[in-house]
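Visitor: Need a 3D model of the following:
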Amino acid sequence: MNTPKKSYHVIAMGGAVMHNMALELKAHGHNITGSDDEIFDPARTRLQHAGLLPDTLGWFPEKVHEALDGIILGMHARSDNPELIKAQQLGLPIYSFPEFVFRHAEDKKRVVIGGSHGKTTSTAMLMHVLQQCGLEFDYLVGSQLPDFERMVKLSDSPVIIIEGDEYLTSALHPVPKFHVYKPHLAMLTGVAWDHVNVFPTFENYVAQFDIFIKSMQPGAHWFWYEGDEDLRKLAGSSDFFNQSYREPHFSSIPGGCVVHVSDHEYSLSIFGRHNLQNAAGVALLAAELGIDSHRFWTAMQSFSGTAKRLEKVLETDAAIVYRDFAHAPSKVRATVEAVREQFPNDNLIAVFELHTYSSLQPEFLPGYHNTLSPADHAFVLYDPHVYELKRMPVPEPGYIAGQIGHCSEFNNPEQLKEAVNKAWDDSKRNILLLMSSGNMAGLLPQDFIRE
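Guide: Here you go, the predicted model:
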């Protein structure tokens, strides 16, 4: 990045994207300091190796001074954060990470991938293909990917690929992150109500996608999944060029699938109808960046997926264990259906942890109804202490299972392990699907494997 070296202080440095932002800026020679009240691995170790780990956890206004060129503010920091207050008193420039990325990318072609589900995987697909085809690009993605050193790259490249999250930007600018980026090219995977603590109604949630579409640059193109009725309505009222997509013809094979496109066959190591829908949309973005269909699908043959997105984490003679970040109803449904379709004759055991604020809400819970039904055995785990921390009433026994259906509920990890053990079928291969945006109460994949 051929820009003058500057000094930035990062408030709430320990977040997944925030610490990657700090590492990227440090790698380009900028002077970086930061603070946070908690920093866990892998952020802790990575910051320590780069010489950026704060000596003491907490907030220290003395770290904020007039010589700084700016403050980068993480979503974890509240409006009463003492370092933020000091920065405001000094009149320093304050940027959330989306605002900082946009400021860096104002003169670039901005490609933004949004939607309630599949954002990270779709962004990773495009990054992988561009890399395989030798194109230079910057990026911002919500997961650590193979072959990419960090989750953020800010250089002199003419193009930037951005995962467009609809969650809020910062305490000072409480609007969805993807409203900030103003893309030239965009893709929307689907709309399914999420983040009910911020968007209390489905109509309010859908409106954020309408605002995103209207924020695009003049002459922008955007692509959308044709099976989503809400996207169809948004496309019908859009003044921008837009085109729908759907999954290509495919057939399942052990370890993945074969995609049939224009009389060619491509063997992929990913599977699931939702993944192939996403790939079809990404192919349209890639075409806009000069990569034709054959080059795209050829490059996709070496795409191995992303962490915690149908990630195979363990395989034995008797079982295969997949881990997935699925937490919203649409994500849970798509993930369970994908695994069922890939393994139609095996014993599918699905374990889902209620963890996010939205998933704990009584009015949100019916959205999960029958999402687990394709599994042979389904279990839901929840932690009563999480409800208490959020000052929410702990559900009565049986309430969660009654709302979701086709499952048994547990609030004790050890009892859950015993139930999974009883669901084991020695006459078949066992496919264990672990779905959580948390840590599954500290249980590891191998903890579920019957000896």
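
Visitor: I'd like to know how many residues surround Lys331.
Guide: 23 (other Cβ atoms under 10 Å). Heads up, the C-betas are built off the backbone N, CA and C, glycines and all.

Visitor: List the contacts of the closest residue to it other than its chain neighbours.
Guide: Nearest non-adjacent residue to Lys331, counting by Cβ to Cβ, 6 or more residues apart in numbering: His117, 4.7 Å away. By Cβ atoms under 8 Å, 6 or more residues apart in numbering, the contact set of His117 is Thr189, Gly190, Ala192, His274, Ala328, Ser330, Lys331, Ala334.

Visitor: Likewise for Lys417?
Guide: Residues in contact with Lys417 (Cβ under 8 Å, 6+ apart) are Leu443, Asp447, Phe448.

Visitor: Make sure Ala419 is indeed in a strand.
Guide: No. Remark: Ala419 does not belong to a strand; assigned using DSSP: H, G, I helix; E, B strand; the rest coil, it is helix.

Visitor: that older thread, can you check the contacts of Lys417 and name whichever has the most neighbours?
Guide: Phe448 leads those on contacts (other Cβ under 10 Å) with 23 neighbours.

Visitor: Was I right to think it contacts Ile431?
Guide: No. If you go by Cβ atoms under 8 Å, Phe448 and Ile431 don't touch, sitting 11.6 Å apart.

Visitor: Now the phi/psi pair for the nearest residue to Asn345 once chain neighbours are set aside, please.
Guide: Spatially, and ignoring its direct neighbours in sequence, Asn345 is nearest to Lys428 (7.3 Å; Cβ to Cβ, 6+ apart). With angles defined as degrees, to the nearest 10, Lys428 sits at phi -130, psi 170.

Visitor: Give me the neighbour count for Lys428.
Guide: Number of residues near Lys428 (other Cβ under 10 Å) recorded here: 15.

Visitor: For Gly114, see how far away it is.
Guide: Look at Lys428 and Gly114: by Cβ to Cβ, to the nearest Å, they are 39 Å apart.

Visitor: Quickly note the distance from the residue nearest the centre of the chain to Ile94.
Guide: Compute the mean C-alpha point of the chain, and by Cα atoms, centre = their mean the closest residue is Thr120, 4.5 Å away. From Thr120 across to Ile94, the span is 27 Å (Cβ to Cβ).

Visitor: Break the chain into its domains for me.
Guide: 7-92, 100-300, 311-448 (automatic domain parsing).

Visitor: Same list (the ones you listed) but as CSV, adding mean pLDDT.
Guide: Shown next, in CSV, are the domains of the chain (pLDDT from 0 to 100):
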stretch, mean pLDDT
domain 7-92, 97
domain 100-300, 96
domain 311-448, 93
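
Visitor: where does the spatially closest residue to Leu432 that is not a sequence neighbour land in three-state SS?
Guide: Using Cβ to Cβ, 6+ apart and skipping residues adjacent in sequence, the residue nearest Leu432 is Val321, 4.5 Å away. Secondary structure, three-state DSSP: Val321 is strand.

Visitor: Val198 too?
Guide: Following three-state DSSP, Val198 is assigned to coil.

Visitor: Contacts only, for it.
Guide: Going by Cβ under 8 Å, 6+ apart, Val198 touches Tyr167, Leu168, Pro174.

Visitor: and the closest residue to Ile11 other than its chain neighbours, how many neighbours?
Guide: Nearest residue to Ile11 in three dimensions, chain neighbours excluded: Ala77, at 4.7 Å (Cβ to Cβ, 6+ apart). Look at Ala77: counted by other Cβ under 10 Å, it has 25 neighbours.

Visitor: those strands in the stretch 101-250 of the chain, which residues are they?
Guide: 109-114, 138-140, 152-153, 159-163, 185-188, 221-225, 241-245, 249-253 (DSSP state E, counting those that start in this stretch).

Visitor: Distance check, the closest residue to Asp194 other than its chain neighbours against Gln361.
Guide: Spatial nearest neighbour of Asp194, excluding adjacent residues (Cβ to Cβ, 6+ apart): Ala328 at 4.6 Å. Distance of Ala328 to Gln361, given as Cβ to Cβ: 12 Å.
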